[in-house]
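Chemist: sequence and predicted model, in that order:
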Amino acid sequence: MPDIYLPDDRYFGPDPRQKDVAQQLYIQIADAPLICPHGHVDPRLFADPDYSFGSPADLFIIPDHYIFRMLYSQGIQLESLGVPRVDGGAVEQDHRKIWQIFADNFYLFRGTPTGMWLNYSLHFIFGIDEKLTSETAQAIYDRIADSLEYPDFRPRKLFERFNVEVLATTDAATDPLDYHRAIRDSGWDGNIIPTFRPDGVVNIDAAGWRENIQSLSNLFGVEVSSYRTLVQALENRRAFFKSMGATATDHAAVTAYTNALSDQEAETIFQRALKGDATAADATQFTGHMLMQMARMSIDDGLVMQLHVGSHRGHNRQISERFGKDKGDDIPIQGEFTRGLHPLLNAFGNDTRLNLILFTLDETTYGRELAPIAGHYPSVKLGPPWWFFDSLNGMNRYFDQVMETAGLYNTAGFNDDTRAFPSIPARHDLWRRAAANWIAGLVVRGIVDMDDAEAMIQDSAYGLAKKAYKL
Amino acid sequence: MPDIYLPDDRYFGPDPRQKDVAQQLYIQIADAPLICPHGHVDPRLFADPDYSFGSPADLFIIPDHYIFRMLYSQGIQLESLGVPRVDGGAVEQDHRKIWQIFADNFYLFRGTPTGMWLNYSLHFIFGIDEKLTSETAQAIYDRIADSLEYPDFRPRKLFERFNVEVLATTDAATDPLDYHRAIRDSGWDGNIIPTFRPDGVVNIDAAGWRENIQSLSNLFGVEVSSYRTLVQALENRRAFFKSMGATATDHAAVTAYTNALSDQEAETIFQRALKGDATAADATQFTGHMLMQMARMSIDDGLVMQLHVGSHRGHNRQISERFGKDKGDDIPIQGEFTRGLHPLLNAFGNDTRLNLILFTLDETTYGRELAPIAGHYPSVKLGPPWWFFDSLNGMNRYFDQVMETAGLYNTAGFNDDTRAFPSIPARHDLWRRAAANWIAGLVVRGIVDMDDAEAMIQDSAYGLAKKAYKL
Amino acid sequence: MPDIYLPDDRYFGPDPRQKDVAQQLYIQIADAPLICPHGHVDPRLFADPDYSFGSPADLFIIPDHYIFRMLYSQGIQLESLGVPRVDGGAVEQDHRKIWQIFADNFYLFRGTPTGMWLNYSLHFIFGIDEKLTSETAQAIYDRIADSLEYPDFRPRKLFERFNVEVLATTDAATDPLDYHRAIRDSGWDGNIIPTFRPDGVVNIDAAGWRENIQSLSNLFGVEVSSYRTLVQALENRRAFFKSMGATATDHAAVTAYTNALSDQEAETIFQRALKGDATAADATQFTGHMLMQMARMSIDDGLVMQLHVGSHRGHNRQISERFGKDKGDDIPIQGEFTRGLHPLLNAFGNDTRLNLILFTLDETTYGRELAPIAGHYPSVKLGPPWWFFDSLNGMNRYFDQVMETAGLYNTAGFNDDTRAFPSIPARHDLWRRAAANWIAGLVVRGIVDMDDAEAMIQDSAYGLAKKAYKL
């Protein structure tokens, strides 16, 4: 049986001297606590001390669109992988069969971040040494299934084993945060905090927007029947999230367009939206306006503001209709920040109380727009490579294209942005190795000395994220 | 005399360990047969067993826009290089003079793919050891001219010597494929197949469109006087091409815009085009609609569909008017696929009977759009780096930006896309070395093991192209 | 005290063989004279033989937006750095305090070109060995301040010490070139030449345009009251600049849009502009037209034409209003050349008397548009990486993305484009090392032999710039 390939010097460049320096830097932070300021882990995992992950397929395949999109791209139907249908239609229930399909096709992940994360998780979390193949599939399934029976594999235990210092979830503005409350009330001392995500109520073209407004009204205790009450309700919810430990908000938009409307213009659009008469242009204007309102509120309440732009969500209508959203069919589009953020940055960008962290799905904006913006405006920092770019090559390109202009200290360190809790250590390990290798490259090219390099790796692996998110 | 510089470890990275692994991988496929699923070699070369290439200038300079565009960029007139004028005006007839100009300026190709291909061809095809310089020019001319006299340098002999397993040409929908028929009828067993390229009849703004429609009518035997008959004629010609061995179609468009028209809308535009009244917007709409029709036909008849977008053809009007098209003055423009292909992919993208291979002239679309699309839709694969990007650095960027997200198995291997038959082995050798070096980089970075690496190099060099094009 | 980190093999890649070849190439041009064909050094420095740079803060911080933008991005107010306010408001006057802030925050420049340039200047110009830190700040200040007292640190002496063969400044069309005349008249033999920059009079949306037109009228001796007189005045000023040694013009525009207007259309817009009634569209059209006029004049008078596009200037209104322009808040936007330059290149691009050097702030245009354009049109060359991309990584990307398609000989070598005179040797040294390392990479990858490599490094470091700018 071939072994899983995880050499100790993995992800470092091949030059022996650079590798040696990278290793020296890496060991300094290899065991540092994990700062996880942005992600999509379900807080339910930690609310119930006895929460179980289910089967190996439940853990690794069925909820992970990184995995099933690749299988789907080769013609494997999502039903055969147990991905639930919106209509409740039949999908494969035999998790051993699902696992076998995955193992049979694991070669598809050669050289991909998903392959790297999975190998790490199998070996370092579940102690598996053999490479996942058609032949080893069932034995590995058994091994994982066995492990998952043990209390050591409950989420809280893994949280402690992973040495997570803090983990932020992402929660709708209309989420009552009951799971977060349950975690707090349980007496367990794992530091799990919410993040305020108001897209569902501020983007008037969001699916279920009117229902979301109703939920917001219920939580706020006042009918959100006007733009003015919407703003009040949002301020109220932000205060509530903050009281529950949140230090940040998160905003998704198709583009970085911002533009201040007058109160009356905003009200007019809001009323059209309530009546179901809003146009696509209305939605663009309203989102662009609300981003500016959110920046204003951030200055007031101190919550860090994250902005993620550039995804054409639900590109494959058939998949969206059959399986719902977040099914691997979100495709990026071209990005633009210089003109889009001009109104917001002119209104608030010089205010050091604003902390705006920007994320892009278009790498061409790294060097052209984002690094110059972050390298000038005191309120702006750059988030790490996101989504398709959260990979070894993506990180290398980020270091290459961002750091010379923005400077390391206008970046926000790493965040794993994952739904897949067990992949968290793998993702941080990859970032830490990539950062160590980048900094080692600066050392061996005569650009920074070892003193600087040691400070830089500490900041990259731990300090920057903690500071940027006020953790 | 300095020698041509072609060290055995060329194109591999400098690290000794990576170079060693790359060499191990390369030797496994160095002599594998060449799969050439897309290119522009003239089938006439193989129809006549005694076809001669002419002089060294006829072979290497006069038909190769990669070469004469670089000389032109330095102020050397195309007339002095023997490039024929549209008006039949005088051009240089002394091929030794042309060759001397080329040799005098061969330093311009330092570090370019053209320089690399040419050195390979001179040495490995013609046995030349000396570097091409002003001083060696005439002796090398003599040597090539001598060789070209021998039967071993007839195209069919070179085809066999190059170990080409299959070579696809590119042929207008209105081509009667007489040369292909002659090759078949000759009893020679070289596998030369046509590719169906209908741009001249489906792009209503194509030069000579009405003449092309007339040719199509003649071949079809029915007057193509309506959109409906156009579709029928195309289906008929596809069937004919398929009967002649074609496994694929090829489509060029300025952008990836697709959009389904109603039959009536399509008919209206077609009638305007017949009258010469079609607008630029009509052409965009009609091409966007016909791409969808072509996808539909591909599902029906199983021909692989290739789509090449992004070239502003004939950018230099003076050159186009004086020398015609394909004279090195086609300049790329920005590309967009996410929105452009949305209609086509929503209509047909989930159908595993569709095989759509995408090519771009805008590398920013690799990681942002193409890899995510290919990494999701079962019908889509990515073609190799095209045109200006078919180079060592271009390949490295492709591996770097595409593979992590799309995965190797959603790519279509290599194709040489060349008019220059003698450059084919040089181009495949460059790809094979670049691929070996990329995969070796994965090995020495601890990302894939040698077993995986060996499978990957086989697929990259041979298997993927064969499979993607159903060869 | 830690030493400044400036190893002899700095900026070369880590592979020992590549490093060795790079070093061999570098030493051949390390001491070659500096060709500085484009920059923003104030000619006043050389007009007065006793010109003094002032304090270390005057020299390194207050005028250098690369430095103070990074400090500002971290919340340090420009007033505290002594940057003068437009309104004459109070700013820090204690230059030791300013220097201390800079030193306290010098870690922000880790891995940035600014950090690299500064370390070079401190060590090689001022003989400083200790690293700049909070602790060493005042001692280093003393050392620089002492040096600046000596005649050896007058600009003319440094010019000679730096071995500058020629330095071009950038001067408004309305500049009487009095400092240049004073330099000439002084008998000093330093070769300082002007460059004709007419943006202030041809871009009708330029700040102070009407005042500039008045100045132009005064210099021309004829009231510039019509488009026709504008053209005459420009031709006249170009002739004057040429008589003062200029070999080039420089043009800035937001985009590369060009378009010929009829004389009457141009006149109509010009008259609207004189009345203050011109629209933004008028400005776009007029600039696009004047670029074509400038190309025509270049053909007539032989001045090399430089075009810099892509900057959204003065993005931060608050900074612009308080401190003026060029304060680190110019942010790039997406670029486009293929369509934008189509009219200009079709009118003049085949004329070998035109020498058009293009600069971009959008690296995506390197391989997609600029290299194909330069690799075809005889009139076009590509300028080196500009502004945010004038860095080690920026140069590496330029070599990687431009050279294979354009060829080295369609590029214009290096220019430092700096206001900061003492940083000139640091910038050229970085370019020369980066070029040596790039060419060494070609050698160790088996792409060019040492003979070619030696010719290439000579051209990269010296010959190309001299030839492209007719120096």
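Modeler: Sure thing, it's come through. Numbering: from 1, shown residues only, chains lettered A, B, ... in the order given.
Chemist: how far does the helix or strand hosting A:Ala57 sit from its chain's centre?
Modeler: Using DSSP states H and E, A:Ala57 falls within helix A:56-60. On the basis of CA atoms, centre = their mean, to the nearest Å, helix A:56-60 is displaced by 20 Å from the centre of the chain it belongs to.
Chemist: after it comes which helix or strand?
Modeler: Next element after helix A:56-60 (DSSP H and E): helix A:65-73.
Chemist: send me that next one as CSV with only the CA atoms.
Modeler: C-alpha atoms of helix A:65-73 as CSV (Å, rounded to 0.1, in the frame of the first residue of the first chain):
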residue,chain,number,x,y,z
HIS,A,65,-18.8,21.6,-2.4
TYR,A,66,-15.1,21.7,-3.1
ILE,A,67,-15.2,17.9,-3.2
PHE,A,68,-18.5,17.2,-5.0
ARG,A,69,-18.1,19.9,-7.6
MET,A,70,-14.9,18.2,-8.9
LEU,A,71,-16.7,14.8,-9.0
TYR,A,72,-19.7,16.5,-10.8
SER,A,73,-17.3,18.1,-13.3
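Chemist: and chain B, is it touching that?
Modeler: Yes - counting by CB under 8 Å from any CB of the partner chain, chain B is contacted by helix A:65-73 at A:Arg69, A:Met70, A:Tyr72, A:Ser73. C-beta here means a position set from N, CA and C on the backbone, and glycine is covered the same way.
Chemist: and the two most separated of those?
Modeler: A:Met70 and A:Tyr72 (7.2 Å; CB to CB).
Chemist: quick one: classify the residue nearest the centre of chain A as helix, strand or coil.
Modeler: Centroid-nearest residue in chain A: A:Asp417, 1.9 Å away (criterion: CA atoms, centre = their mean). Classification of A:Asp417 using DSSP: H, G, I helix; E, B strand; the rest coil returns coil.
Chemist: are we agreed that A:Lys157 is in a helix?
Modeler: Yes - counting by three-state DSSP, A:Lys157 is part of a helix.
Chemist: what's the neighbour count on it?
Modeler: Other residues near A:Lys157 number 13, with proximity taken as other CB atoms under 10 Å in any protein chain shown.
Chemist: of all of the stretch 301-450 of chain A, which residue lies closest to chain C?
Modeler: A:Gly446 (2.8 Å; CB to the nearest CB).
Chemist: so who does the residue nearest to that residue when sequence neighbours are not counted touch?
Modeler: Residue nearest to A:Gly446 in three dimensions, not counting chain neighbours: C:Arg10, with 2.8 Å by CB to CB, 6 or more residues apart in numbering or on different chains. Listed by CB atoms under 8 Å, 6 or more residues apart in numbering or on different chains, the contact set of C:Arg10 reads A:Arg445, A:Gly446, A:Ile447, C:Arg433.
Chemist: equivalent analysis for A:Asp31, please.
Modeler: A:Asn163 are the contacts of A:Asp31 under CB under 8 Å, 6+ apart.
Chemist: and what about it, helix, strand or coil?
Modeler: coil.
Chemist: sec struct for the residue nearest to A:Gly446, please.
Modeler: coil.
Chemist: show the pLDDT at it.
Modeler: Listed pLDDT for C:Arg10 reads 98.
Chemist: ditto for A:Met1
Modeler: 68.
Chemist: my guess is the residue nearest to the centre of chain A contacts A:Trp386. True?
Modeler: Yes - under the criterion of CB atoms under 8 Å, A:Asp417 makes contact with A:Trp386 at 6.5 Å.
Chemist: before we move on, back to that, next, the buried residues of the helix holding A:Ala57.
Modeler: A:Pro56, A:Ala57, A:Leu59, A:Phe60 (16 or more other CB atoms under 10 Å in any protein chain shown).
Chemist: residues near A:Thr418, how many?
Modeler: Neighbours of A:Thr418 under the rule other CB under 10 Å: 20.
Chemist: so who does the spatially closest residue to it that is not a sequence neighbour touch?
Modeler: Spatial nearest neighbour of A:Thr418, chain neighbours left out: A:Gly39 (5.3 Å); criterion: CB to CB, 6+ apart. Contacts for A:Gly39 (CB under 8 Å, 6+ apart) come out as A:Leu167, A:Ala168, A:Thr169, A:Thr170, A:Asn415, A:Asp416, A:Asp417, A:Thr418, A:Arg419, A:Ile424.
Chemist: pick out the most distant pair among these.
Modeler: Going by CB to CB, the pair spanning the contacts of A:Gly39 furthest: A:Thr170 and A:Ile424, at 14.4 Å.
Chemist: dihedrals phi and psi, the closest residue to chain B within chain A?
Modeler: The nearest approach of chain A to chain B comes at A:Arg10, 2.8 Å away (CB to the nearest CB). Per-residue torsions, A:Arg10: phi -60, psi 150 (degrees, to the nearest 10).
Chemist: quick one: average pLDDT of stretch A:146-159?
Modeler: Mean pLDDT, computed over stretch A:146-159, is 97.
Chemist: one more: stretch A:83-94?
Modeler: 98.
Chemist: what of stretch A:401-410?
Modeler: Here the average pLDDT along stretch A:401-410 is 98.
Chemist: now swap in stretch A:170-179 and tell me
Modeler: Rounded mean pLDDT across stretch A:170-179 is 98.
Chemist: ok so, going back, pLDDT for the buried residues of helix A:56-60 - can I get that in CSV?
Modeler: As requested, those are exported to CSV (pLDDT from 0 to 100):
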residue, pLDDT
A:Pro56, 98
A:Ala57, 98
A:Leu59, 96
A:Phe60, 97
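Chemist: let me know the closest of these to chain C.
Modeler: Taking CB to the nearest CB as the measure, chain C lies nearest A:Phe60 of the buried residues of helix A:56-60, at 36.8 Å.
Chemist: in stretch A:88-100, what's buried?
Modeler: Buried, per 16+ other CB under 10 Å, within stretch A:88-100: A:Val91, A:Glu92, A:His95, A:Ile98, A:Trp99, A:Gln100.
Chemist: close to chain B, is it?
Modeler: No - using CB under 8 Å from any CB, stretch A:88-100 stays clear of chain B, coming no nearer than 15.9 Å.
Chemist: distance between the ends of that stretch?
Modeler: By CA to CA, to the nearest Å, the extent of stretch A:88-100 from end to end equals 23 Å.
Chemist: what of stretch A:165-172?
Modeler: Stretch A:165-172 end-to-end distance (CA to CA) = 23 Å.
Chemist: gap between that stretch and the chain center?
Modeler: On CA atoms, centre = their mean, the centre of stretch A:165-172 falls 10 Å from the chain's centre.
Chemist: so A:Asn259, which state does it fall into?
Modeler: coil.
Chemist: returning to that earlier point: dump the buried residues of stretch A:88-100 to JSON lines, plus distance to C:Arg313.
Modeler: Output for the buried residues of stretch A:88-100, formatted as JSON lines (distance: CB to CB, whole Å):
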{"residue": "A:Val91", "distance to C:Arg313": "57"}
{"residue": "A:Glu92", "distance to C:Arg313": "59"}
{"residue": "A:His95", "distance to C:Arg313": "60"}
{"residue": "A:Ile98", "distance to C:Arg313": "57"}
{"residue": "A:Trp99", "distance to C:Arg313": "58"}
{"residue": "A:Gln100", "distance to C:Arg313": "61"}
